[in-house]
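Sequence first, then the predicted structure:
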Amino acid sequence: MHSSRRNFIKTTALTAAGAALLSNNIFAAKRSAQVTGLQLYTVRDDMKKDPTGTLKQLAAAGWVNVEHANYVDRKFYGYSPVEFKKILNDLGLKMISGHTSMGPQHWDKSKNDFTDAWKYTIDDAATVGQHYVVSPWLDDSLRKNYDDLLGFLMVFNKCGELCKKSGMKFGYHNHNFEFTVMLNNMKVFDIIMQHTDASLVAQQLDIGNMYGVGGRAMDIIKQYPGRFELMHVKDEIKSPGKGEMEDGYESTVIGKGIMGVKEILDYAKKTGGTTQFIVEQESYQTITPIEAAKQDLVAMKSFGY
């Protein structure tokens, strides 16, 4: 994800134990089914201009599942949760997951509790039908000190508990700094993996973001088997400029790059515990974002996803 993406993302408890158990069992069943979806950041400019029209085009192309990247002032792409859910339902679309950054400003240390703003975020995600609330960013202030990071990872776990009350799961999505920033002689990525509760915090492995700094999906899945419920599916090519992550690579249509995507997907499904395969493409070479989304779906179906 390039700098504009980074700027972009910056910007009811159950009453009976039996009901809680039933709800958790139903949710577990939902999560176990394989899902192929599209991260709407792929068509971000189109969504900004005409959200409903863009979703219609995606539905017509065959997409069923989408993941949002726009939740501002309690609205998804300018619509209330109830309004946006109706738009999705009318088009036969589902939004199982979504990206909303959780930062230090969402945790009130004096109260040892989340702020109302973050609680509303969880409520609205549940209303629109999400199964996962994914934070796609780790604030710069949390990457400077090992103890500060550990403290906030406990907040990650608490957010997992909060999401669980609404039948959802909290998740984290990587960029590339997790593989380059070291604290106490450990990569930030390893600290996150080793200090989050897998039953409360799902990991969404973005296989493209880390590619330019040496991160390889197969190696990471082997290191942490069963830990990646979600995946951001990308393919990468060498970039004539600095690329999305300013590391010399940019994304391209699935199957047209150098990553060997099908092998990664099959291994993730078998060993990584992955059930949610969410395509995200951020660079398009000579085609439009909508056309890229269409070609990506064709490629995923050819892979059996």
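On my side now, so go ahead.

Please pull out the lowest mean pLDDT helix or strand from this structure.
helix 17-32 (a mean of 39; mean pLDDT, DSSP states H and E).

Quick check: next helix or strand after that one?
In the C-terminal direction, the helix or strand that comes right after helix 17-32 (DSSP states H and E) is strand 35-39.

got a list of contacts for that next one?
Contact with strand 35-39 is made by 58, 63-67, 69, 96-97, 99, 232, 275-280, 293, 296-297, 300, 305, as judged by C-beta atoms under 8 Å, 6 or more residues apart in numbering. For glycine as for every other residue, the C-beta is placed from the backbone atoms N, C-alpha and C.

Check stretch 294-305 too.
With C-beta under 8 Å, 6+ apart as the criterion, stretch 294-305 contacts 34, 36, 38, 42, 61-63, 233, 253-255, 261-262, 265, 277, 279, 281, 287.

What mean pLDDT does that stretch get?
Averaging pLDDT along stretch 294-305 yields 98.

Please apply the same query to stretch 234-254.
Here the average pLDDT along stretch 234-254 is 96.

same deal with stretch 259-272?
Per-residue scores along stretch 259-272 average to 98.

now the end-to-end length of it.
In stretch 259-272, first residue to last residue: 17 Å (C-alpha to C-alpha, to the nearest Å).

quick thing: my sequence starts at 865, can you match it?
Noted, 865 is the first residue going forward, which turns the last one into stretch 1123-1136.

And it, what's buried?
1123, 1125-1126, 1128-1129, 1131-1133, 1136 (16 or more other C-beta atoms under 10 Å).

what does stretch 1093-1104 give?
Those would be 1093-1101, 1103, for stretch 1093-1104 by 16+ other C-beta under 10 Å.

Equivalent analysis for stretch 917-927, please.
918-919, 921-923, 925, 927.

Return the member of the residues you listed nearest to residue 1060.
residue 927 (30.2 Å; C-beta to C-beta).

before we move on, what SS does that closest one have?
Under DSSP: H, G, I helix; E, B strand; the rest coil, the three-state class of residue 927 is coil.

Who does the closest residue to it other than its chain neighbours form a beta bridge with?
Distance criterion C-beta to C-beta, 6 or more residues apart in numbering; nearest residue to residue 927, sequence neighbours excluded, is residue 902 at 5.2 Å. Going by DSSP bridges, residue 902 is paired in beta bridges with residue 930, residue 1143.

count of neighbours near residue 902?
As a burial measure, residue 902 scores 24 neighbours (other C-beta atoms under 10 Å).

pLDDT wise, what is it at?
The predicted local confidence for residue 902 is 99.

From residue 919, how far off is it?
10 Å (C-beta to C-beta, to the nearest Å).

Between these two, which contacts overlap?
residue 930.

list the buried ones in stretch 1079-1088?
For stretch 1079-1088, by 16+ other C-beta under 10 Å, it's 1079, 1081-1082, 1084-1085, 1088.
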